[in-house]
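Chemist: Curious how this folds, go ahead:
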Amino acid sequence: MQNLKVIYEDNHIIVVEKPVNIPSQGDKTGDVDMLTIIKEYLKEKYNKPGNVYLGLVHRLDRPVGGVMVFAKTSKAASRLSEQVREKQFQKNYLVIVNGKMEQNVRYIRRLSFKK
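Modeler: Coordinates of the predicted model:
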């Protein structure tokens, strides 16, 4: 099992840190992805046979690291997806730059949704 950093977990959701260069979900490369890593973690932790349900609520691009929320039940997935659609889900982006930025670059995208 991959080294998974769990930030929060209850019966309905699991919040984890996604490392840089790991896809949120499987893609054509076949590289290990967060959904697979977390399903394996849950299967091992709770001794679950067969498939483990895990809902992908939102994604982060492969080159991006950060906090991700996954649903452990279909009901939680439905409710969280609705919150994303209704813009009640808050996302904050922080960029760390290595090197010198051009002078005219003054704006860094920041998305925030009201509760």
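Chemist: Let's verify the closest residue to G55 other than its chain neighbours: helix, strand, or coil?
Modeler: For G55, ignoring the flanking residues on the chain, the nearest one in space by C-beta to C-beta, 6 or more residues apart in numbering is A77 at 3.0 Å. For the C-beta atoms, the positions are set from N, CA and C on the backbone; glycine is no exception. Put simply, A77 is helix when judged by DSSP: H, G, I helix; E, B strand; the rest coil.
Chemist: burial of A77, as a residue count?
Modeler: Residues near A77, counting by other C-beta atoms under 10 Å, number 19.
Chemist: That one and E86, how far apart?
Modeler: 15 Å (C-beta to C-beta, to the nearest Å).
Chemist: Same check on D61?
Modeler: Plainly put, D61 is 23 Å away from E86 if you go by C-beta to C-beta.
Chemist: what helix or strand is I7 on?
Modeler: I7 belongs to strand 5-9 when assigned by DSSP states H and E.
Chemist: whoops, S81 was the one
Modeler: S81 belongs to helix 74-85, assigned by DSSP H and E.
Chemist: So which bits of that helix are buried?
Modeler: A76, A77, L80, S81, Q83 (16 or more other C-beta atoms under 10 Å).
Chemist: Report the contact partners of the third one.
Modeler: So that's L80. Applying C-beta atoms under 8 Å, 6 or more residues apart in numbering to L80 gives the contacts I13, G55, V57, V69, A71, F89.
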